[in-house]
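In: here is my input; please provide its structure:
(chains A and B)
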Amino acid sequence: MLHFAPWKLAVIFLTVLLGFVFAIPNVLPEAVRANLPAWAPKRPINLGLDLRGGSYLLLEVDVDALGKQRVKDLSEELTAALARSPRIGFSARAADDNSVSVQLRDPSDADEALKRARDLAQTIGGQVGGIGGRPDLSAAMDGDRLVLTLTPEALQLKARAALDQTMEIVRKRIDEFGTLEASVQRQGANRIVVQAPGASDPAQLAASLAKTAQMTFQLVDLTARAEDIQAGFAPPGSEIVPSDDGFTPFMAVKRRAIVTGENLIDAQPGFDQNNRAIVNFRFDQPGARAFGRTTIDNVGKPFAILLDGRVISAPTINEPITGGSGQISGNFTPESAAELAALLRAGALPAPLAVVESRTVGAELGADSIRAGWIAAIVSFVGILIFMLVFYGILGLMANVGLIINLVLLMGALSGMGAALTLPGIAGIILTMGMAVDANVLIFERLREELRAGRTPVVATNAAFERATLTIMDANITTLIAAAFLFQFGSGPVRGFAVTLGLGIFTSVFCGVWLGRWMLATWLRAARPKRLGLVKAAAGAA
Amino acid sequence: MALNLFPEKLDVNFMRWRFIAAAISLAVIVLTAIFIPLHGLNLGVDFRGGALIEAQTQGPANLTDIRSKLGALNIGDVGVQEFGAPDLVLIRAEGQDGEDGANIAGAKVQEELRKIAPGVDIRRVETVGGKVSGELIQAGVMALAFALLAMLVYVWFRFDSWHFGLGAMASLLHDVMVTIGFFIVTKIEFNLSTVAALLTIIGYSINDTVVIFDRFREDIRKYKKMPLTELFNLSINVTLPRTIVTSVTTLIAIGGMYAFGGDVIRSFTAAMIVGVIIGTYSTVFIATPLVLWAGYKRPSDRTEPDSAARASA
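Out: Take a look at the predicted model:
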């Protein structure tokens, strides 16, 4: 049967046409692409980070730290609540990852202690206004121990909120650092994937993203003696913190922060009158009020500006600062001042963030890889074309036409889908080309057998396609299964490989079976060859 | 005109070699299984954790200087080697504990490199923390295991007999193990792309196996009296030209990549070359004999809806 149903022909032609239409933007120069009519696809293949250069970062939010922080706060709040009059006596305060407990001196205080403990609960979930919300902890007596336990639900909600907030801040920071086209995606319960093409200094980007950037303004405790600070002893209500201000390695500051970074509404880099780099900042209303009040009471005394627990500057209050704005002059370079300002504008991370995986390719290596990929593709492709031509003659030529169209279809599909082409992806394309001829080879070898059995070219061709098609399908479905697992397993470049391999299976089956059959049928009809070149004359004539 | 390299009637008694082949393969697999824990693979940062930095210096790199200065950074073991050219350096750092220990090590190496060799171009940085590398190992093993299982099920259903599924899966497992053995012997780095290559090899090898099984299924109806061993021999022989031609075109493709595709994917292409050769071998010498050894019997007393349909057509 050399006849093709019209709809089949239409499908074949339409598919090839679509492939060409989508693939063509890849060979057009930028200027021409911009002037294409609106309906035409304009997108060339989207290059992966390993080819265009850029960074892939996997960030992990330390959600356990949130629970620990809440336990730590709760532990102090509980102490304060029990100490309120009438005082409830207790001893042996203990805390673990998600609970706090104390031993009550007098078991008859249990009811009152439980009541006070429950008041410490924060409401979680529910609607605005706390309707339908639940407490984030449960309080119970275990013998004469009062135990406060954070509910798993509360921990989960906290973690989710922290992840949302962290993503928001990471996005803001990326915007601040001017990295274009970066994508920020959630992965699992506590991870964030950042893909930033063309970051000029990826190490810097990673470091900046992972900084907590918690800023606090705390009064310096002048009552602490130098030798105590040296030894790490702080007066009650104060703490010893490391200092980068360039004057002293450690400093004693009051625990209670006057204002925190949350009260900042703007921060900009600038220069002071001595042309030193500084950061100008502005507080919101409550921040300005709190800061103003404290500075009024402490004129002549120093306060410390801390970033992530380290003093960056400890200026003396010369006069009350009530306007709500000020400047930080640490040991800044213009670049570090700009970075700090950007971090402050984006806000502090709610929980520690770690870069658990990073893959960065410089633009140079990316360009080298593209070059290497091209050369490898051309060498391999031409090698296959020559082999098929030599081995199968005119049939090989048809297989080659199919192979070229296969490549175009694959390019078209990649462009149309907007899938990223990676270096392993190029390998997938080359490999697909090597394996695509398998369909042709199966058919041709089958054809050889049928011809040897004495059938005419037309009958033999039909028989060969009929029998080989089932095998081709089986063989390709198994490869598709492998590609599916590859896709599932891989991230980034490996996934790009799975995509090209998987798409290649569809284009190969199409080109090998449908297009190949149509080409062969057309040729047989037009040329009406007495015999195909596949077998020796004697066998063909039998 | 086409070439006729293969004789018209191929009649190689492949099945005669099946015992020797099975013995050799089994020995290689056992040795591999013993040497994985004993000798170990040269695991890349993907699976070992740590940092990998590829840098290009201006002029030939002073490896001794770089080695001693990076060694003083206190970031665990640091390996420094030339990478294909005198001005290309590949640095591996073990990294410190903690989730971002690898990342910190990577950043420190970059900072120090810029001091040691001004104008250095950092071409590639990969850092993988301890937890993530563990997850990647797990994901790799799972992907391979599930892929094998899926192949087993598919072949089982398609060929209507678990014997074929078993034969196919065993030969795939064989391919994976032998390729891993190759990586142990050659010390080529074993990383994520190697696992990708293993999955691709599975895909390629099963392709080969299915083609022969398909032919066998067709021939078993044609030659009702032929002993199964002979029948398998026949199926292998008639599909042999195809097996060889496809292997050659695939090897042309991978060979081009191996030679010109650059160092980044060399470990991938090396695995693929070995895998394609091993995959072809295992189809002939492992998959088919195993179907017989598993106790496959001719389904002569079963009704064959397929052949009945063909007879009436």
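In: how is the chain partitioned into domains?
Out: In the absence of a named chain, chain A is used. In the domain annotation for chain A, the residue ranges read A:6-52+A:364-541, A:63-157, A:211-358 (automatic domain parsing).
In: actually chain B
Out: Here the domain assignment for chain B is B:14-42+B:133-299, B:50-128, based on automatic domain parsing.
In: make a markdown table from the ones you listed and add mean pLDDT to it.
Out: Conversion of those to a markdown table gives the following (pLDDT from 0 to 100):
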| stretch | mean pLDDT |
| --- | --- |
| domain B:14-42+B:133-299 | 87 |
| domain B:50-128 | 84 |
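In: I'd like to know which of those is closest to chain A.
Out: Closest to chain A of the domains of chain B, according to C-beta to the nearest C-beta: domain B:14-42+B:133-299, at 2.9 Å. Just so you know, the C-beta spots here come from the backbone N, C-alpha and C atoms, and that holds for glycine as well.
In: if we can go back for a sec, Serialize the domains of chain B to TSV and add fields for distance to A:Val279 and mean neighbour count.
Out: TSV is the format used below for the domains of chain B (distance: least, C-beta to C-beta, whole Å; neighbours: other C-beta atoms under 10 Å in any protein chain shown):
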stretch	distance to A:Val279	mean neighbour count
domain B:14-42+B:133-299	39	20
domain B:50-128	23	19
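In: any chance of these in a markdown table, plus distance to chain A?
Out: Formatted as a markdown table, the domains of chain B follow (distance: least, C-beta to the nearest C-beta, whole Å):
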| stretch | distance to chain A |
| --- | --- |
| domain B:14-42+B:133-299 | 3 |
| domain B:50-128 | 4 |
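In: number of nearby residues for whatever residue of the stretch 1-150 of chain A ends up closest to chain B?
Out: Checking the stretch 1-150 of chain A residue by residue against chain B with C-beta to the nearest C-beta singles out A:Glu60 as nearest, at 6.1 Å. A count of nearby residues for A:Glu60, using other C-beta atoms under 10 Å in any protein chain shown, gives 24.
In: check which helix or strand covers it.
Out: For A:Glu60, the element it lies in under DSSP states H and E is strand A:54-61.
In: and that strand, which strands flank it?
Out: Applying DSSP bridges to the sheet, strand A:54-61 is found paired with strand A:191-197 (antiparallel), strand A:353-361 (antiparallel).
In: now do it: everything it contacts.
Out: Judged by C-beta atoms under 8 Å, 6 or more residues apart in numbering or on different chains, the contacts made with strand A:54-61 from elsewhere in the structure are A:49, A:159, A:162-163, A:166, A:170, A:187, A:190-199, A:202, A:205-206, A:209-210, A:349, A:351-361, A:366, A:491-492, B:99, B:131-132.
In: against A:Thr478, how distant is the spatially closest residue to B:Arg67 that is not a sequence neighbour?
Out: Ranked by C-beta to C-beta, 6 or more residues apart in numbering or on different chains and with sequence neighbours excluded, the top spatial neighbour of B:Arg67 is B:Val80, at 4.5 Å. Between B:Val80 and A:Thr478 the computed distance is 44 Å (C-beta to C-beta, to the nearest Å).
In: now A:Gln214
Out: 54 Å.
In: A:Ile174 too?
Out: Taking C-beta to C-beta as the measure, A:Ile174 falls 42 Å from A:Thr478.
In: can you check B:Gln81 too?
Out: In terms of C-beta to C-beta, B:Gln81 sits 40 Å off from A:Thr478.
In: got it, and B:Ser25?
Out: 21 Å.
In: what do you get for A:Val100?
Out: Note on A:Val100: its distance to A:Thr478, by C-beta to C-beta, is 58 Å.
In: cool, A:Glu60 as well?
Out: Distance, A:Glu60 to A:Thr478, using C-beta to C-beta: 37 Å.
In: cool, and B:Lys225?
Out: 31 Å.
In: equivalent analysis for A:Glu181, please.
Out: Going from A:Glu181 to A:Thr478 by C-beta to C-beta gives 38 Å.
In: the more surrounded of those two?
Out: Neighbour comparison, A:Glu181 and A:Thr478: the larger count goes to A:Thr478, with 28 against 10 (by other C-beta under 10 Å).
In: test my guess that the residue nearest to B:Arg67 contacts B:Leu63.
Out: Yes. Contact between B:Val80 and B:Leu63 holds when scored by C-beta atoms under 8 Å: they sit 5.5 Å apart.
In: wait, a strand at the residue nearest to B:Arg67?
Out: Yes. For B:Val80, which was evaluated using DSSP: H, G, I helix; E, B strand; the rest coil, the result is membership in a strand.
In: tell me the contacts of it?
Out: Counting by C-beta under 8 Å, 6+ apart, B:Val80 touches B:Leu63, B:Ile66, B:Arg67, B:Leu70, B:Val89, B:Leu90, B:Ile91.
In: worst-scoring helix or strand of chain A, pLDDT-wise?
Out: Across the helices and strands of chain A, mean confidence by mean pLDDT, DSSP states H and E is lowest for helix A:537-541: a mean of 40.
In: ok, the residue positioned nearest the centre of chain B - contacts?
Out: Per C-alpha atoms, centre = their mean, the C-alpha nearest to the average position across chain B is that of B:Leu198, at 3.0 Å. Listed by C-beta under 8 Å, 6+ apart, the contact set of B:Leu198 reads B:Leu144, B:Val176, B:Thr179, B:Ile180, B:Ala271, B:Gly275.
In: again, but for B:Ala139
Out: By C-beta under 8 Å, 6+ apart, the contact set of B:Ala139 is A:Phe489.
In: that one belongs to a strand?
Out: No. The assignment for B:Ala139, made by three-state DSSP, is helix rather than a strand.
In: and the angle for the longest helix anywhere in chain A with strand A:54-61?
Out: Residue-count comparison of every helix in chain A, with assignments taken from DSSP state H, identifies helix A:363-417 as the longest. Here the directions of helix A:363-417 and strand A:54-61 differ by 80 degrees (axes from the mean of the first three to the mean of the last three C-alpha atoms, to 10 degrees).
In: would helix A:363-417 count as contacting chain B?
Out: Yes. Helix A:363-417 reaches chain B (C-beta under 8 Å from any C-beta of the partner chain) through A:364-365, A:368-369, A:372-373, A:375-377, A:379-381, A:383-384, A:387-388, A:390-396.
In: following the chain onward from that helix, which element is next?
Out: Beyond helix A:363-417 toward the C-terminal end (DSSP H and E), the next one is strand A:420-421.
In: tell me what that following strand is packed against?
Out: strand A:46-47, helix A:493-509 (3 or more C-beta pairs under 8 Å, 6 or more residues apart in numbering or on different chains; DSSP states H and E).
In: could you give the average pLDDT over it?
Out: Averaging pLDDT along strand A:420-421 yields 85.
In: how far out from the middle of the chain is it?
Out: Here the centre of strand A:420-421 is set off from its chain's centre by 16 Å, with C-alpha atoms, centre = their mean, to the nearest Å.
In: strands paired with that strand, and their directions?
Out: Strand A:420-421 is paired, per DSSP bridges, with strand A:46-47 (parallel).
In: what's the strand it pairs with in contact with?
Out: Counting by C-beta under 8 Å, 6+ apart, the neighbours of strand A:46-47 from elsewhere in the structure are A:Gly366, A:Ile370, A:Leu414, A:Ser415, A:Gly418, A:Ala419, A:Ala420, A:Leu421.
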